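Student: got a predicted structure here, sequence first:
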Amino acid sequence: MAVHIRLARHGTKKAPFYRIVVTDQRNARDGRYIELIGVFDPRDAGGKVKLDRERLVYWTSRGAKPSDTVSKLVKLTAPAAG
């Protein structure tokens with residue numbers, strides 16, 4: 001089973017928000033998921049991202065691969081070093 005961390009689209013037409021989910025890659029984009037680890041709202045000022053970093057680290061240590069978009073969102077929300 002290949003596990004991925006990706007976005008699942010929710011909301012209404014022309015007013016989307018996305019859930020950051022851990023899922024089997026064979027599941028549909030908005031289908032069943034293993035765990036919800038965050039939320040991304042592009043309509044909020046500047047694109048608000050709320051992410052459970054502890055769970056992200058847990059799943060990546062277990063071999064889950066984040067999508068390109070999720071990787072970019074993680075980099076945007078990274079705490080400032082030093």
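Tutor: Yes, it's here.
Student: list the contacts of Thr77.
Tutor: Taking C-beta atoms under 8 Å, 6 or more residues apart in numbering as the criterion, Thr77 is in contact with Val49, Leu51. Placement of C-beta: from N, CA and C, glycine included.
Student: lowest confidence element among the helices and strands of the protein?
Tutor: Across the helices and strands of the chain, mean pLDDT, DSSP states H and E gives its lowest value to strand 48-51, namely a mean of 90.
Student: strand partners of that one, parallel vs antiparallel please.
Tutor: When pairs are called by DSSP bridges, strand 48-51 turns out to pair with strand 35-41 (antiparallel).
Student: now the strand it pairs with: buried residues?
Tutor: Buried residues in strand 35-41, defined by neighbour count with 16 or more other C-beta atoms under 10 Å: Ile37, Gly38, Val39, Phe40, Asp41.
Student: try stretch 59-75
Tutor: By neighbour count on 16+ other C-beta under 10 Å, the buried set for stretch 59-75 is Trp59, Ala64, Pro66, Val70, Leu73, Val74.
Student: ok, and what's touching that stretch?
Tutor: Residues outside stretch 59-75 that contact it (C-beta under 8 Å, 6+ apart) are 2-7, 20, 22, 35, 37, 40, 49, 51, 56.
Student: what's the nearest residue to the residue nearest to the spatial centre of the chain if we skip its chain neighbours?
Tutor: Note on the chain: the residue nearest the mean C-alpha position is Ile20, at 2.4 Å, using C-alpha atoms, centre = their mean. Once flanking residues are discounted, Ile20 sits nearest to Gly38: 3.6 Å by C-beta to C-beta, 6 or more residues apart in numbering.
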